[in-house]
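# next comes the sequence, and after it the predicted model I'd like to discuss.
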2 protein chains.
Amino acid sequence: MSKTTLNKISEILGISKSTASKALNNYADVSPKTKAMVLNLAKELDYTPNSFAQNLRSQESKIIGLIVPEIVHYFFSNIILGVINAASKCGYAVVVVQSNDDYEYEVKQLDALLQKNVDGVLLSFADNTNNFKHVKSLLSNNVPLVLYDKISKLIDCNKVVIDDIKAAQMATQHLIDIGCKKIAIVRNKLKSQTTIDRYKGYKKALLLNDIEYDKLLDIETEDVSLESGKKAALTIFENHKEVDAVFAVTDLLAIGVLETFKENNVQVPEQISIIGFSNWLLTQITTPHLSTIDQPGQQMGKVAFDLLYSEIINNKNNVKEPYKTVVIDTKVISRESTK
Amino acid sequence: MSKTTLNKISEILGISKSTASKALNNYADVSPKTKAMVLNLAKELDYTPNSFAQNLRSQESKIIGLIVPEIVHYFFSNIILGVINAASKCGYAVVVVQSNDDYEYEVKQLDALLQKNVDGVLLSFADNTNNFKHVKSLLSNNVPLVLYDKISKLIDCNKVVIDDIKAAQMATQHLIDIGCKKIAIVRNKLKSQTTIDRYKGYKKALLLNDIEYDKLLDIETEDVSLESGKKAALTIFENHKEVDAVFAVTDLLAIGVLETFKENNVQVPEQISIIGFSNWLLTQITTPHLSTIDQPGQQMGKVAFDLLYSEIINNKNNVKEPYKTVVIDTKVISRESTK
DNA sequence: GTGAAAGCGCTAACAT
DNA sequence: ATGTTAGCGCTTTCAC
């Protein structure tokens, strides 16, 4: 049997399409009797409105696009989950795409989303995105956009971030508080804003505690992989025996560092304390468990959607609110790798 | 400025909508001149067809739904990625939802997908799903469905799975091949099909190698958590010093086992070899790195989408193909924990 | 309280 | 080779 349409219902009942539509959409000017009649038949025939027609009429898809740099990634998985849960409560579906942390691909995927007529976009920039014409064209086309996590200050829109400076400062302060004096930082190149900010936070904490920044304890890596962490740790182990703590800007780097120290019989945390960043599941499985900074992905996802949603609603009502940047709180998770 | 429509283009050019449409859609019966004219103007005005209208016309959304039990999960993240990449190549977008491994929620999310008029659904059942009327109603409504990973033999549709029996057998055989004689299995209760099959595979390998199955070396755990692995290892350590290898049915269990042996100064792999199952990222971070069975999520996702896609195409052309169950190959990843 | 009619933007069957 | 027309299913304005 074919799908029930409004037309069919109205024909069976001998009333007009418009009346049937009004009955189903709770319009006031429909007699209770008619309304009941329509509602009953609709239930009986298992009527669901054809969303294609609704979409065409309203020019809304009730779908939003979510761009993440990497899907197979603990933090971004949590983002996805937070967004999806929040969206589903408001009747929105989420189309997820991945940018592969690559600008070109990001542009392509954004285009694909727009072709599907998504009602809004959530975006975390690829590492090498520093041309913003794609998002600017979004904005000039009046498509609501919320940037999260990896954002740019050059774009005027709603944003949700963590305060990386503060978080890194807290991480470093934690190391200082437990008595560490020679604190190395392991970080990738200063390209993304997050890395830059974490670097700043590290330095800020040193400064506030009258510890001199030592260029030699500032270890730059190729990327944020496990291998890079291992290499960095080797550098420290071989050249800087005086180091008593390491702040790594990602958990994976931190774990690489930890592994290498262990392999070289450096006791963690007795000889060296280590703290990472993000609170990946992994950190609870290493021996010793890794101290880290909690970066609440689900909450960020939820907030990002909520911002997007209110912008969509505002657009519909022709109200214009000033853009906000929501800063999500982070906290130090102190585990066995720091003492 | 408002969006360019076909109508606008045809008006400017003084031709009919249909001719313009044909020009854009590569119909043969359009003069090269007209075609060029239309294409140029379209490019100039940055014309993109309104997908709402296209969808209404074709009754297709070019969107598919993907239901996963858990989003924040290494294996399922890989599934998502595999599906999205394959889909994007065919011009399909993917709406991702999570069932929370709960039947009720699975039904709800499936409904939500249908209301968005997805062109097809990819589904891995929640642990407690044993009522299948929701998917049966899908099928009777002619919505293409592909089951992956956690499937049911009771549903007649395309499927993609791994051969758990064979994979577990290979894992056990690997232990035998490297000279192990007393091989324990650590497994959760025999409820899910996957666990049952991995158990069967273990026994099959023993049988084929004339090793007697020993009930005492068959350790049943509450669940597949790290903690359960630790408990199991303790049992082995305290009561069965003769054990020289452990096959754990999940990586997390295996890691728990590994950790506990290490804590008790049992050398891995010198004294005991350990192999897990799934090849989570985690396994590359333990010391020693964990041998395991590769369960290729991305590939499964790709195959699942491809099956769905060909069913969608077949439906359009009114051809009916018999359903297939694709079994994805797994392989032993031999790392440092087995020797 | 109800219904007729228009229209969202596109495509395709059918003229011409 | 081009245009006319109808229609996908819905919502909403306006007349009655």
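Yep, it's here.
# from now on I want contacts and neighbour counts done on CA atoms only, so please keep to that.
Fine.
# and for the helix or strand hosting A:A23, what's in contact with it?
According to DSSP states H and E, A:A23 maps onto helix A:17-24. Residues from elsewhere that reach helix A:17-24 (CA atoms under 8 Å, 6 or more residues apart in numbering or on different chains): A:L6, A:N7, A:I9, A:S10, A:D29, A:V30, A:T34, A:K35, A:V38, A:L39.
# out of those residues, who's near DNA strand C?
The subset of the contacts of helix A:17-24 within reach of DNA strand C, by CA under 7 Å from any atom of the strand, is A:D29, A:V30, A:T34, A:K35.
# what's the last one in contact with, if anything?
What it means is A:K35. With CA under 8 Å, 6+ apart, A:K35 has these contacts: A:A20, A:A23, A:L24.
# need the per-residue pLDDT for A:T292.
You'll see A:T292 listed with a pLDDT of 98.
# now it, what's its secondary structure?
Judged by DSSP: H, G, I helix; E, B strand; the rest coil, the three-state class of A:T292 is strand.
# tell me how many other residues surround the residue of the stretch 51-200 of chain A found nearest DNA strand C.
The minimum distance from the stretch 51-200 of chain A to DNA strand C, using CA to the nearest atom of the strand, falls at A:R57 (3.8 Å). A count of nearby residues for A:R57, using other CA atoms under 10 Å in any protein chain shown, gives 11.
# gap between it and A:G91?
Separation of A:R57 from A:G91 (CA to CA, to the nearest Å) stands at 18 Å.
# repeat that for A:Y323.
Distance, A:Y323 to A:G91, by CA to CA: 24 Å.
# residue contacts, A:A87?
A:A87 touches A:A93, A:V94, A:F305, counting by CA under 8 Å, 6+ apart.
# ok, the most centrally placed residue in chain A to A:Y148 distance?
Centroid-nearest residue in chain A, with CA atoms, centre = their mean: A:I79, separated by 4.3 Å. Distance of A:I79 to A:Y148, given as CA to CA: 9 Å.
# joint contacts of those two?
Shared contacts of A:I79 and A:Y148 (CA under 8 Å, 6+ apart): A:M300.
# and A:I183, how many neighbours does it have?
Around A:I183 there are 25 other residues, counting by other CA under 10 Å.
# so in terms of bridging, what pairs with it?
A:A245 (DSSP bridges).
# could you do A:I67 as well?
A:V97, A:L123.
# isn't it right next to A:Q98, touching?
Yes: A:I67 is within contact range of A:Q98, at 5.6 Å (criterion: CA atoms under 8 Å).
# so the two - more neighbours on which side?
Of the pair A:I67 and A:Q98, A:I67 is the one with more neighbours under other CA under 10 Å, namely 26 against 23.
# residue contacts, A:L282?
Taking CA under 8 Å, 6+ apart as the test, what A:L282 contacts is B:L282.
# so it, which state does it fall into?
Using three-state DSSP, the structure places A:L282 in helix.
# what about A:E238, how many residues nearby?
8.
# state the phi and psi torsions of the closest residue to DNA strand D within the stretch 101-250 of chain A.
Residue nearest to DNA strand D within the stretch 101-250 of chain A: A:N117 (15.9 Å; CA to the nearest atom of the strand). When read as degrees, to the nearest 10, the backbone of A:N117 gives phi 60, psi 50.
# my guess is it meets A:S61, correct?
Yes: here A:N117 reaches A:S61: they are 6.5 Å apart, a contact under CA under 8 Å.
# show me the common contact partners of those two, please.
Common neighbours of A:N117 and A:S61, counting by CA under 8 Å, 6+ apart, are B:F52.
# in chain A, where is pLDDT below threshold?
Along chain A, the parts satisfying pLDDT under 70 run over A:1.
# so where's the longest helix in it?
helix A:297-316 (DSSP state H).
# now do the strands in the stretch 201-339 of chain A.
A:218-221, A:245-248, A:273-275, A:292-294, A:325-328, A:331-333 (DSSP state E, counting those that start in this stretch).
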